[in-house]
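>>> Predicted model and sequence follow; I will ask about them next.
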Amino acid sequence: MKTGLIAAALLLCVTAPAIGQPMRLAGTSCAKPPVLHCPDANCAGDVVTNGGPAVETKTGRNYFLDYPCDLKKGEKVTFILALHGAGSYGNWQRHYFPLLDYKDKYRLVIATPFSPRRVWAAEDDEYLQNIVTAVVAEIGSKNIKSFWLVGHSQGGMTSNRIVRTDFFKAKVDGWLSLSGGRLGGNPGRGDFSTMFRGATPGTGRAGAAGTVPAGGRGAGPGGLPPAPTTLPETDFSFIYESGQLEADEKGIPETSQWAMQMGCGTRRRTGEIADTKAGYVYDRTRQDPPTPAWGLLPRPGKAIVFEYPRCKNNRVVADVVRLDKGHTEGLEPNVTEALVKLIVAAPGGKIQKMN
């Protein structure tokens, strides 16, 4: 009897620490601060152009995978796939919308992939699907509270395309478009007339966020087909964020066909966000001369939040306007956190229901 008790005690001593150990996803390490994190200003070119240390095993392509370093097996998380814009890079996107700064507080798992061509196309779909499949398998489908697509510029347009595919439409609970096209009616384009003076279109040097002034209108960059103009035939939350200067003087339309399809009420202003701290990144290649609609140097600012209330199934439909900002200034901390709060407050569960 004593021998059995001693053996059981030894087994507990050996296994108990292992059971309580934090998870390490996709063979990655986890560090605080996260790897290749930019300083508050002047992020080095070789940092923002990095494609990430994680490797998608089937294609051999790199990506970033950020998650709480104390993530436990069985913990519920919000999973986000974040897509950069045309001409950009994984780590630029990671700091343009710095979800990595909020992963611990809001229990986020963020995959930030990278297209070697720096423009997303259908040939990248397998790579994106493989990342999602691998992360869900490691975390466990029952532990994915919600799954969101986040895309800047052409990354948003790509989100609009892939959310209609069989793989993603059954899984996506929400899409945040960062100046990447608005479901239900786009704003007019702002003044990009000085866009390419003193710069060569399509260069995409270090720090570039895109090669054309997308401005959220959904025009296809680099000869790629335009984003779909019809509404998706599925159910998910949708948030549109844009710089005020990207649009014409009319601004973002007050109405939305997507809000109507989701059965929402009339749009109302629900908040104002003030930031005293600037974002991390900007497009350093197009500041001579600068184009306000495209984006100036990072600086503090304000943003206005509009929401469509009482949407069916409690879906979130919202517009967020960053005042006096263009297409490429990195998002400031308070507006970033406000968007994260909208994401985590929205209903989810599609991936959970699949198994």
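Arrived safely. Numbering: from 1, shown residues only.
>>> Counting by contacts, list what the host helix or strand of residue 79 packs against.
Using DSSP states H and E, residue 79 sits in strand 77-83. Using 3 or more Cβ pairs under 8 Å, 6 or more residues apart in numbering; DSSP states H and E as the contact criterion, the elements in contact with strand 77-83 are helix 90-96, strand 108-113, helix 125-139, strand 144-152, helix 154-162, helix 333-345. Any C-beta I mention is one placed from the backbone N, CA and C, and that applies to glycine too.
>>> Of all the ones you listed, which one is nearest residue 327?
Residue 327 sits nearest to strand 144-152 of all these, at 8.8 Å, using Cβ to Cβ.
>>> Tell me where the model's unsure across the stretch 251-355 of the chain.
Judged by pLDDT under 70, the stretch 251-355 of the chain has its weakly predicted residues at 355.
>>> quick one, helices of it?
257-261, 333-345, 350-353 (DSSP state H, counting those that start in this stretch).
>>> Pipe the ones you listed into TSV and attach mean neighbour count and distance to residue 268 per row.
Shown next, in TSV, are those (neighbours: other Cβ atoms under 10 Å; distance: least, Cβ to Cβ, whole Å):
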stretch	mean neighbour count	distance to residue 268
helix 257-261	18	11
helix 333-345	19	15
helix 350-353	18	28
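>>> Turn these into CSV, columns for distance to residue 290.
Output for the helices of the stretch 251-355 of the chain, formatted as CSV (distance: least, Cβ to Cβ, whole Å):
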stretch, distance to residue 290
helix 257-261, 33
helix 333-345, 21
helix 350-353, 42
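>>> Which among these is found nearest to residue 172?
Comparing those by Cβ to Cβ, helix 350-353 comes nearest, at 6.9 Å.
>>> Work out the gap between the closest one and the centre of the chain.
Distance, stretch centre to chain centre, for helix 350-353: 20 Å (Cα atoms, centre = their mean, to the nearest Å).
>>> what packs against it?
Short answer (3+ Cβ pairs under 8 Å, 6+ apart): helix 350-353 packs on strand 144-152.
>>> Okay, buried residues for the strand it packs on please.
144, 145, 146, 147, 148, 149, 150, 151, 152 (16 or more other Cβ atoms under 10 Å).
>>> So the fourth one is in contact with residue 170, correct?
No - counting by Cβ atoms under 8 Å, residue 147 sits too far from residue 170 to count as a contact (10.2 Å).
>>> quick one: common contacting residues for these two?
residue 350 (Cβ atoms under 8 Å, 6 or more residues apart in numbering).
>>> returning to that earlier point: with distance to residue 176 added, can I get the helices and strands packed on strand 77-83 in a markdown table?
Putting the helices and strands packed on strand 77-83 into a markdown table (distance: least, Cβ to Cβ, whole Å) gives the following:
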| stretch | distance to residue 176 |
| --- | --- |
| helix 90-96 | 12 |
| strand 108-113 | 12 |
| helix 125-139 | 16 |
| strand 144-152 | 5 |
| helix 154-162 | 8 |
| helix 333-345 | 6 |
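>>> Low-confidence regions, the protein specifically.
Those would be 1-20, 196-226, 355, if you go by pLDDT under 70 across the chain.
>>> most centrally placed residue in it?
Centre of the chain computed as the mean C-alpha position; nearest residue by Cα atoms, centre = their mean is residue 150, 3.0 Å away.
>>> separation between that residue and residue 312?
Distance, residue 150 to residue 312, by Cβ to Cβ, to the nearest Å: 23 Å.
>>> Stretch 28-38: which residues count as buried?
Buried residues in stretch 28-38, counted by 16+ other Cβ under 10 Å: 28, 30, 34, 35, 36, 37, 38.
>>> pretty sure the third one contacts residue 65?
Pointing back at residue 34 there. No - taking Cβ under 8 Å as the definition, residue 34 is not a contact partner of residue 65, at 10.0 Å.
>>> Give me the neighbour count for residue 254.
12 (other Cβ atoms under 10 Å).
>>> wait, what's in contact with it?
Counted by Cβ under 8 Å, 6+ apart, residue 254 has contacts residue 267.
>>> what does residue 352 give?
Residue 352 makes contacts with 141, 142, 144, 145, as judged by Cβ under 8 Å, 6+ apart.
>>> Could you do residue 269 as well?
304, 305, 306.
>>> That one pairs with what?
In this entry, residue 269 is beta-bridged to residue 306, by DSSP bridges.
>>> about what we covered before: tell me the one of the contacts of residue 352 nearest residue 350?
Distance to residue 350, by Cβ to Cβ, is smallest for residue 144 among the contacts of residue 352, at 8.5 Å.
>>> Quick check, the closest one in contact with residue 354.
No - assessed by Cβ under 8 Å, residue 144 is found out of contact with residue 354, at 9.6 Å.
>>> re earlier: out of the helices of the stretch 251-355 of the chain, nearest to residue 48?
helix 333-345 (17.0 Å).
>>> Mind giving me the packing neighbours of that closest one?
Packed against helix 333-345 by the contact rule (3+ Cβ pairs under 8 Å, 6+ apart) you find strand 77-83, helix 103-106, strand 144-152, strand 174-178, strand 237-243, strand 268-275, strand 301-308, strand 317-322.
>>> Please produce JSON lines containing these, extended by distance to residue 229.
Formatted as JSON lines, the helices and strands packed on helix 333-345 follow (distance: least, Cβ to Cβ, whole Å):
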{"stretch": "strand 77-83", "distance to residue 229": "20"}
{"stretch": "helix 103-106", "distance to residue 229": "33"}
{"stretch": "strand 144-152", "distance to residue 229": "17"}
{"stretch": "strand 174-178", "distance to residue 229": "14"}
{"stretch": "strand 237-243", "distance to residue 229": "15"}
{"stretch": "strand 268-275", "distance to residue 229": "27"}
{"stretch": "strand 301-308", "distance to residue 229": "20"}
{"stretch": "strand 317-322", "distance to residue 229": "18"}
